[in-house]
Structures are given as C-alpha cells and as structure tokens.
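Asks: Make a model of this:
(one chain, ligands or ions: 1)
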Amino acid sequence: MNEKARAIAGRLRVKAAGVGAAAQRAVAEAGRRTGDSIETTKLNVRIYEINSEINVCMRKLGELMYAACAGGDADDAAVDALLAEIDGKKAEAAELRRRISELKKERPCPVCGAPCGAGDRFCRRCGAEAGIGDGN
Ligand SMILES: [Zn+2]
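Replies: As a prediction, this is how the structure comes out:
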C-alpha cells in the first residue's frame, strides 16, 4: 500500500469507529423507547457489535474470494479461519438472543414457533392465539 492509500485507509477507520459508536447509541436509545431492561439493551448492543464484526469478516472473505478469482493464490487457511470466526460469532449472537428471549419471558407461538412476549395474546407473526398472557 502506498502512503496515499494508507492515509485514506486510516481516515476510513476513524470514520467507521465514529459510525459504530453512533449506531450503538441508537440501539440503546431504541431499547429505552421500547422499555427494554438495561440487561436486554446491553445484550442488544453486543449483538449489534457482533453483527458488525461478522460484516468485517464477510468483507475480508470477499476480498480473498476476489483475489482468488482474479488469478491470485487462494489462501485456504485464511478462508477457513474466517469461516470459523463467522460461525463462532453467529453462535454467540444466537446465545445472546436466547438470553434476551429468556429475560423477556418469551414463549414460542403454538402454531408457527415465533417468539411471543409474556403479555401477547396473539402471535405477531401469524396472528394465532398465543396463549394466556400474564398482562405484563
Ligand atoms: Zn405464530
């Protein structure tokens, strides 16, 4: 990378960090508006971060694929490492979503399996009766 390209990459990194912080504040604010607990909001912010990290991995994966398709050597070890990293991050996000569901006392819809809130009388996805809500 030449000096000019390095300088541009540096500016982009700073800009991306600023965008990430603003997006985190937006996720936290959305949580406050919907009355989520602090714990749920923290978990949602972490899920947002994980998704951002997955996007970075996907971009790197795309660059490796492009380099291979453009006639460069395929870096199999790097591809495998990125695939494993993405799998790990997806599993981590799924676990956090499961914890949020637990905190919100969600239960699966008896018809379609979508998560229904503790106070929901009807499923938000299919409209089926979700069971007896506790009114919270
Ligand atoms: Zn349903």
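Asks: For the rest of this, base every contact and every neighbour count on C-alpha atoms.
Replies: Noted.
Asks: Does V111 touch G127 like I think?
Replies: No - contact between V111 and G127 fails when scored by CA atoms under 8 Å: they sit 9.2 Å apart.
Asks: Which other helices and strands does whatever helix or strand R13 lives in contact?
Replies: Per DSSP states H and E, R13 falls inside helix 3-33. Here helix 3-33 touches helix 38-69, going by 3 or more CA pairs under 8 Å, 6 or more residues apart in numbering; DSSP states H and E.
Asks: List the buried residues of the helix or strand where D87 lies.
Replies: D87 is located in helix 76-103, with elements delineated by DSSP H and E. Residues V79, L82, L83, I86, K89, K90, A93, L96, R97, I100, S101 are the ones in helix 76-103 that count as buried (16 or more other CA atoms under 10 Å).
Asks: Could I get the pLDDT score of the residue nearest to the first one when sequence neighbours are not counted?
Replies: So the one you mean is V79. Leaving out its chain neighbours, the residue that sits closest to V79 by CA to CA, 6 or more residues apart in numbering is L61, at 6.4 Å. L61 carries a pLDDT score of 94 in this model.
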